[in-house]
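A.B. asks: Any chance you can model this:
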Amino acid sequence: MARAHWGCCPWLVLLCAYAWSHPKAVELGREDIRNCSTNPPLLPVTTVNTTERLTVLRQLIQAWNLSAYIIPDTDAHMSEYIGRQDERRAWMTGFTGTAGVAVVTMGKAAVWTDSRYWTQAERQMDCNWELHKEVGTDPLITWLLAEIPAGGRVGVDPFLFSVDAWEGYDLALRDANRQLVSITTNLVDLVWGSDRPPVPSQPIYALQEAFVGSTWQEKVSDIRSQMQKHSGAPTAVLLSALDETAWLFNLRSDDIPYNPFFYSYTLLTDSFIRLFANKSRFSPETLKYLNSSCTGLMCVQIEDYNQVRDSIQAYVSGNVKIWIGASYTTYGLYEVIPKEKLETDTYSPVMVTKAVKNSKEQDLLKASHVRDAVAVIRYLVWLEKNVPTGTVDEFSGAQILDKFRGEDNFSSGPSFQTISASGLNAALAHYSPTQELHRKLSSDEMYLVDSGGQYWDGTTDITRTVHWGTPSAFQKEAYTRVLMGNIDLSRLVFPAATSGRVVEAFARKALWDIGLNYGHGTGHGIGNFLCVHEWPVGFQSYNIPMTKGMFTSIEPGYYQDGEFGIRLEDVVLVVEAKTKYPGTYLTFEVVSFVPYDRNLIDVSLLSPEQLQYLNHYYQTIREKVGPELQRRQLLEEFAWLQQHTEPLSARAPCTTSLTSVLVASTLAILSWSS
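C.D. replies: Numbering: from 1, shown residues only. Below is the predicted model:
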């Protein structure tokens, strides 16, 4: 799990509630919260003075004959993570939380966000802004209708609204005699001016052949073949999501935090290929790789990023039809395509195709998880030694884990901001520490770490929860039942083409049996050096059916408000199942290779089948990760692995000291090496 990804529609990732009953924010002290009722207002030092910004924005609102202006927190590609130059809502309001929408009228300014960010918003926003503790379109529309008169015009940047989001707002406003107005010049950018961070200019590079499953020519041919077979007879596919273009051409850069992408669009037609990006970022070698000097079927013509709308308008003047995925296409492009020249699906053919990995891509992703397991195991061993000294906090711990990952082969940084949460902070499911705000790790508390890495061959995401002291009986039962849910879904056999939503309850049953639950989704897709949350794979109602070759996370959890949180997350590969009778059935193969915390497992709760599965998994970890630890001469970590993957039995396992296991493992390594 990373930033708000459980089950949210990708085109509303910044606002939709994940069917999650958010725990209350940790109270940081009322003296640190703004008080706008006093004269003058009492504001914490963390607030930002936005008076001048609002004054200039309102002048623009008036000049455009608007009654209100909406400032969403996304970019022109509906990205989960956004670059600094796209953080318009954060700059305009002073509130830097990663979820929220702002609206400015001539008389008021307001922000809507969820409970994870209420305290942060009150610490960062000055009294120009109202804080609304709600999410979703309806509360915002209700407020707008109360604040602006009939006939009022609400301005938006159409490149920051998905097709569905636009239509939702447009319908609600039209029904109330208000108008949604598309303004392609972003008004916040005009206010921001020269202080706005520059557009990224790092090189766009091609991945080495060793790290790709197919050439870009093979991928282009496949998508064109799908176009030819489509009943709607599209002549082109428009790609708007950044990972679509990156995947199609096996290109990468680092425009977006945690994601190896670059700002781009692609128009792939039956007769030409246009890639819209900053051409100066391509080296001569990369331009040659793309055959950009020619104009044939397999020649990638590089056009300026900002010309995409004009180029599409020119293309649709002919006898053509464009195939789009509505989830990631913005209204800014959609509105210039005549409806009779559109073929619309929820996801583009590229988004669906890249969700199914071929055999080479599967091997690459598995290999990245083995190396990633080494980093996580190194971290757990380091914690075991250092937490008792009282010198480790949530933030410094996360830094150490990032350091260990960075030392692995092919590392390209973390895949999201590490969730490093001790005690009650772990009950805040999306909590991440900062250098200023964090807690010390303690042997007397549970600790949850949810983290991942970007590698040239794969993207990883894994969560483990540990306790170095004496957990309570309730903590052990809750942990064990989360583990049981993870096992039950991981070992499930189900018919091919089954939707994830049909089977995700298997991850909850052990918790449901005793009246516990978790409020987030159960898993998400994952890419090959792409998105850590790769749509459209997962266990939600709008995910596509499970298919052999897909990777998804399985991540049940339990959160006791104000006390502790538990989550156990593994990445799994969808594979064919062997069944007694003929038929096409699927199951999961786990590719995350870090043992669970034995100190928190109540073995008596496990069924014989669950216990057998767990011991087989531990044997697999030994076989996969043990040799890598030996190769790197990580003797202490190898000893820890041996200890923590000892077979479990129905009786409580006896505890073996790390020292004795270290000695035994040393002798084993010496004997193997000879």
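
A.B. asks: Quick check: next helix or strand after the helix or strand residue 627 falls within?
C.D. replies: Using DSSP states H and E, the element containing residue 627 is helix 608-631. Next helix or strand after helix 608-631 toward the C-terminus (DSSP H and E): helix 635-644.

A.B. asks: And that following helix, how far out from the chain middle?
C.D. replies: 31 Å (Cα atoms, centre = their mean, to the nearest Å).

A.B. asks: and if you look at stretch 424-432?
C.D. replies: Remark: stretch 424-432 is offset 16 Å from the chain centroid, using Cα atoms, centre = their mean.

A.B. asks: Just the CA atoms of it, as CSV, please.
C.D. replies: Provided in CSV are the C-alpha atoms of stretch 424-432 (Å, rounded to 0.1, in the frame of the first residue of the first chain):
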residue,chain,number,x,y,z
LEU,A,424,-1.0,4.1,17.2
ASN,A,425,0.4,5.7,14.0
ALA,A,426,0.0,2.3,12.2
ALA,A,427,-3.7,2.6,12.7
LEU,A,428,-3.6,5.5,10.3
ALA,A,429,-3.5,3.4,7.2
HIS,A,430,-1.7,5.9,4.9
TYR,A,431,0.6,7.4,7.5
SER,A,432,4.1,8.3,6.5
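
A.B. asks: Kindly tell me how buried the nearest residue to residue 394 once chain neighbours are set aside is, as a neighbour count.
C.D. replies: Among residues not flanking residue 394 along the chain, residue 433 sits closest, at 3.7 Å (Cβ to Cβ, 6 or more residues apart in numbering). No exception for glycine: its C-beta is placed from N, CA and C like everyone else's. Neighbour count for residue 433, taken as other Cβ atoms under 10 Å: 22.

A.B. asks: Okay, residue 222 and residue 269: tell me how far apart.
C.D. replies: From residue 222 across to residue 269, the span is 15 Å (Cβ to Cβ, to the nearest Å).

A.B. asks: do residue 562 as well
C.D. replies: Note on residue 562: its distance to residue 269, by Cβ to Cβ, is 56 Å.

A.B. asks: which of those two has more neighbours?
C.D. replies: Taking other Cβ under 10 Å, residue 562 and residue 269 do not tie; residue 269 has more neighbours (18 against 12).

A.B. asks: From residue 236, how far off is the more buried one?
C.D. replies: Distance of residue 269 to residue 236, computed by Cβ to Cβ: 4 Å.

A.B. asks: Please enumerate the shared neighbours of the two.
C.D. replies: 315, 320 (Cβ atoms under 8 Å, 6 or more residues apart in numbering).

A.B. asks: And the helices in the stretch 451-600 of the chain?
C.D. replies: Counting by DSSP state H, counting those that start in this stretch, one finds helices in the stretch 451-600 of the chain at the ranges 473-490, 500-503, 509-512.

A.B. asks: Test my guess that residue 645 contacts residue 616.
C.D. replies: No: using Cβ atoms under 8 Å, residue 645 is not in contact with residue 616, being 10.9 Å away.

A.B. asks: Which of those two has more residues huddled nearby?
C.D. replies: More crowded of residue 645 and residue 616, by other Cβ under 10 Å: residue 645, with 24 against 12.

A.B. asks: Grab the nearest non-local neighbour of the more buried one.
C.D. replies: Sequence neighbours aside, residue 618 is the residue nearest to residue 645 in space, at 3.9 Å (criterion: Cβ to Cβ, 6+ apart).

A.B. asks: relative to helix 608-631, how tilted is the longest helix seen in the chain?
C.D. replies: Counting residues, the longest helix found in the chain (DSSP state H) is helix 359-386. On the basis of axes from the mean of the first three to the mean of the last three Cα atoms, to 10 degrees, helix 359-386 is oriented at 80 degrees to helix 608-631.

A.B. asks: Helix 359-386 - contacts with which helices or strands?
C.D. replies: helix 394-406, strand 446-451, strand 453-455, strand 458-459, strand 462-467, strand 570-576, helix 608-631, helix 635-644 (3 or more Cβ pairs under 8 Å, 6 or more residues apart in numbering; DSSP states H and E).

A.B. asks: Ends of stretch 570-581, what's the gap?
C.D. replies: With Cα to Cα, to the nearest Å applied, stretch 570-581 spans 29 Å between its terminal residues.
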